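S.K.: Based on what follows, work out the 3D shape:
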Amino acid sequence: MRVCGKGLPPGAVLLLGSNLILLCFLFPLLLTIALLNSFPLTHWYESVWMGIRFASIGLLFSMVFYYHDLYNLQVLRSRKETAWRLLQATAITLLLLSLFYAVAPFLSPGRESIVILLLVASITILISRYLALPSRQERVLVIAAPEDFFPLQETIANSSEWNLRIVQFMDAQAALAEAAWGDSYDCVIVCGRQPHHPLLIEKLLQLKMQGLRIEDSSHFYERTTGRIGVEELPPEWFVFSSGFENGKKKRIIKRYMDVIFAVILLVPAFPLMLLTALLVWIESGPPILFRQERVGLYGHPFQIYKFRTMRPDRHGEQPQWASHQNHRITKLGRFLRKFRLDELPQIFNVLRGDMSLVGPRPEQPFFCQKLEAEIPYYNQRHSIPPGLTGWAQVRYHYGASIEESKRKLEYDLFYVKHLSVALDLAILVETVKVVLVGRGAK
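M.R.: Sure, this is the predicted structure:
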């Protein structure tokens, strides 16, 4: 199953789907029916209101579980980590409910009902964990040259949520000599930058018609990692591949979304921006804002705004990668960077049209020139407006080297290919989690 271009393991779909159905529909319905038998109500809408309150608690549990990665199959493989995160999620949910019902006690469905839903939520996670993690791994045959095999082997090893196991690796010549495949493998992944032998293609076609799944390594890489590999893809792949269709209609919709969400975000952010500005002024004095030239849409430069988090650099000093150990970062600046508060002024960049809410992060011209010379297809990230947040930001840490920038570009190209309203909304939801835990900042 794919969502916004990113493949979802069957276990993850089962885990999330079963939790939403049980916690937000089935158990709230059963609990409502049970209470109605004990406490008959005079109006039908009272029972509906009771069910909605139970379902809201179930939805809250699901959201807190999500933000604690309890729907992440890699996390659930560890019993100790699962138990610890479940304990944290339960405590936070109870705290949130207690605070909410202290303000609005008339909305509380009762302590006993909350305890029942709490037990149901915990048991649901533990049971569905075993159903979502099958013991049998999918057997994979890899057909590739040695230089293509090892990167794929690393990708599979780092994607344990897909439950794959390489049982054999062979080159194209050995694959042609292989006699029986059907009973030995569940999937065949074919790597290679050059056209394959016609006899190999014919054999793979026969196996596919017999029900064996055949997959190209580039599609496998994209589906499982949410990235597009840049090293082995020829330019014609981008031309003829599905996606990368970011026409005028899609851009207009994205711009309207940017303005609406930026205005909504500005309402709660403005008092926080005033407080942050005051703290920056108290700690290190003016200037409060930091301006820097960045590369925007189609390579056009613009001025980006941030709260100042560093002491001024020496005149003429060459730009450097961001680092945790940078001695120029102030104490307040370290906190602001950790929770992305220094980037709040960029809301005005979004309103001006320099940036989008979601897109590749804008880079300095110095680094763009350097990275374009080192990384293939790097300038393609400028085909859409840069973003305040993005797919690369929520999936990977800050790029502070050419190799890390290459990895971020793979995420950026995936976003450019699958650009959609649904993907933007998913990234915004994930951004909230990244900001709350302070992950990936420098």
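S.K.: make it CA atoms for all contacts and neighbour counts henceforth
M.R.: OK.
S.K.: which residues touch the closest residue in space to Asp216 that isn't next to it in sequence?
M.R.: Once its chain neighbours are removed from consideration, Asp216 has its nearest residue in Val190; the separation is 5.1 Å (Cα to Cα, 6 or more residues apart in numbering). For Val190, the set of contacting residues under the criterion of Cα atoms under 8 Å, 6 or more residues apart in numbering consists of 142-144, 214-217.
S.K.: Counting by contacts, list what the helix or strand encompassing Gln173 packs against.
M.R.: When secondary structure is defined by DSSP states H and E, Gln173 falls within helix 172-177. Here helix 172-177 touches helix 198-209, going by 3 or more Cα pairs under 8 Å, 6 or more residues apart in numbering; DSSP states H and E.
S.K.: C-terminal to the helix it packs on, what's the next element?
M.R.: Per DSSP H and E, helix 198-209 leads on to strand 213-216 as the next helix or strand towards the C-terminus.
S.K.: which parts of that next one are buried?
M.R.: For strand 213-216, the buried set under the neighbour-count rule, 16 or more other Cα atoms under 10 Å, comprises 214-215.
S.K.: Mind listing the strands that strand pairs with, and their directions?
M.R.: Listed by DSSP bridges, the sheet partners of strand 213-216 and their directions read strand 187-190 (parallel).
S.K.: quick one on the thing from earlier: residues contacting the helix holding Gln173, please?
M.R.: Applying Cα under 8 Å, 6+ apart, the set of residues contacting helix 172-177 is 143-145, 196-197, 199-200, 203.
S.K.: And the furthest pair within those?
M.R.: The largest distance within the contacts of helix 172-177, taken as Cα to Cα, falls between Ala145 and Lys203 and amounts to 18.2 Å.
S.K.: mind checking pLDDT for the residue nearest to Asp216?
M.R.: Val190 carries a pLDDT score of 91 in this model.
S.K.: partners of it in the sheet?
M.R.: Applying DSSP bridges to Val190 gives these bridge partners: Ile143, Asp216.
S.K.: which sections of the protein are below the confidence cut-off?
M.R.: Filtered on pLDDT under 70, the chain yields the residue ranges 1, 37-45, 179-182, 193-195, 312-326, 437-442.
S.K.: what about Phe290, which helix or strand?
M.R.: Phe290 belongs to strand 289-295 when assigned by DSSP H and E.
S.K.: Which positions in that strand come out as buried?
M.R.: Those would be 289-290, 294-295, for strand 289-295 by 16+ other Cα under 10 Å.
S.K.: Now do it: everything it contacts.
M.R.: 301-308, 362-365, 368, 382.
S.K.: Now go through those residues and say which are in strands.
M.R.: Applying DSSP state E to the contacts of strand 289-295, the entries found in strands are 301-307.
S.K.: Using JSON lines, please lay out those residues together with neighbour count and distance to Arg77.
M.R.: As requested, the ones in strands among the contacts of strand 289-295 are arranged in JSON lines below (neighbours: other Cα atoms under 10 Å; distance: Cα to Cα, whole Å):
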{"residue": "Pro301", "neighbour count": "17", "distance to Arg77": "46"}
{"residue": "Phe302", "neighbour count": "18", "distance to Arg77": "46"}
{"residue": "Gln303", "neighbour count": "14", "distance to Arg77": "45"}
{"residue": "Ile304", "neighbour count": "23", "distance to Arg77": "42"}
{"residue": "Tyr305", "neighbour count": "19", "distance to Arg77": "42"}
{"residue": "Lys306", "neighbour count": "18", "distance to Arg77": "40"}
{"residue": "Phe307", "neighbour count": "23", "distance to Arg77": "41"}
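S.K.: hmm, back to that, same drill for Ala145 and Lys203, tell me which one is more crowded.
M.R.: Each of Ala145 and Lys203 had its neighbours counted (other Cα atoms under 10 Å), and the higher figure belongs to Ala145 (16 against 12).
S.K.: nearest spatial neighbour of the more buried one, skipping sequence neighbours?
M.R.: Nearest residue to Ala145, sequence neighbours excluded (Cα to Cα, 6+ apart): Asp171, at 5.5 Å.
S.K.: Show me the protein divided up by domain.
M.R.: Domain assignment for the chain, taken from automatic domain parsing, gives 2-132, 138-225, 248-312+322-437.
S.K.: Is it possible to get JSON lines of these that adds distance to Ser242?
M.R.: Output for the domains of the chain, formatted as JSON lines (distance: least, Cα to Cα, whole Å):
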{"stretch": "domain 2-132", "distance to Ser242": "10"}
{"stretch": "domain 138-225", "distance to Ser242": "11"}
{"stretch": "domain 248-312+322-437", "distance to Ser242": "8"}
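S.K.: just to revisit the earlier point, specify which member of the contacts of Val190 is nearest to Pro386.
M.R.: Distances from the contacts of Val190 to Pro386 were compared by Cα to Cα; the smallest belongs to Ser217, at 29.0 Å.
S.K.: Helix or strand for Ile57, just tell me which one.
M.R.: Taking DSSP H and E as the criterion, Ile57 maps to helix 44-67.
S.K.: How about exporting that helix as PDB, limited to the C-alpha atoms?
M.R.: Once side chains and other backbone atoms are set aside, the C-alpha atoms of helix 44-67 remain, and they are given as PDB (Å, rounded to 0.1, in the frame of the first residue of the first chain):
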ATOM      1  CA  TRP A  44     -31.500   9.900  21.700                       C
ATOM      2  CA  TYR A  45     -29.000  12.700  21.100                       C
ATOM      3  CA  GLU A  46     -27.600  12.200  24.600                       C
ATOM      4  CA  SER A  47     -26.500   8.700  23.700                       C
ATOM      5  CA  VAL A  48     -24.800  10.100  20.500                       C
ATOM      6  CA  TRP A  49     -23.100  12.700  22.600                       C
ATOM      7  CA  MET A  50     -21.800  10.100  25.000                       C
ATOM      8  CA  GLY A  51     -20.400   8.000  22.100                       C
ATOM      9  CA  ILE A  52     -18.700  11.000  20.700                       C
ATOM     10  CA  ARG A  53     -17.000  11.700  24.000                       C
ATOM     11  CA  PHE A  54     -15.700   8.100  24.200                       C
ATOM     12  CA  ALA A  55     -14.500   8.200  20.600                       C
ATOM     13  CA  SER A  56     -12.700  11.500  21.300                       C
ATOM     14  CA  ILE A  57     -10.800   9.900  24.100                       C
ATOM     15  CA  GLY A  58      -9.900   6.900  21.800                       C
ATOM     16  CA  LEU A  59      -8.700   9.400  19.100                       C
ATOM     17  CA  LEU A  60      -6.600  11.200  21.700                       C
ATOM     18  CA  PHE A  61      -5.000   7.900  22.700                       C
ATOM     19  CA  SER A  62      -4.300   7.200  19.000                       C
ATOM     20  CA  MET A  63      -2.700  10.600  18.500                       C
ATOM     21  CA  VAL A  64      -0.500  10.300  21.600                       C
ATOM     22  CA  PHE A  65       0.600   6.800  20.600                       C
ATOM     23  CA  TYR A  66       1.500   8.200  17.100                       C
ATOM     24  CA  TYR A  67       3.700  10.900  18.600                       C
END
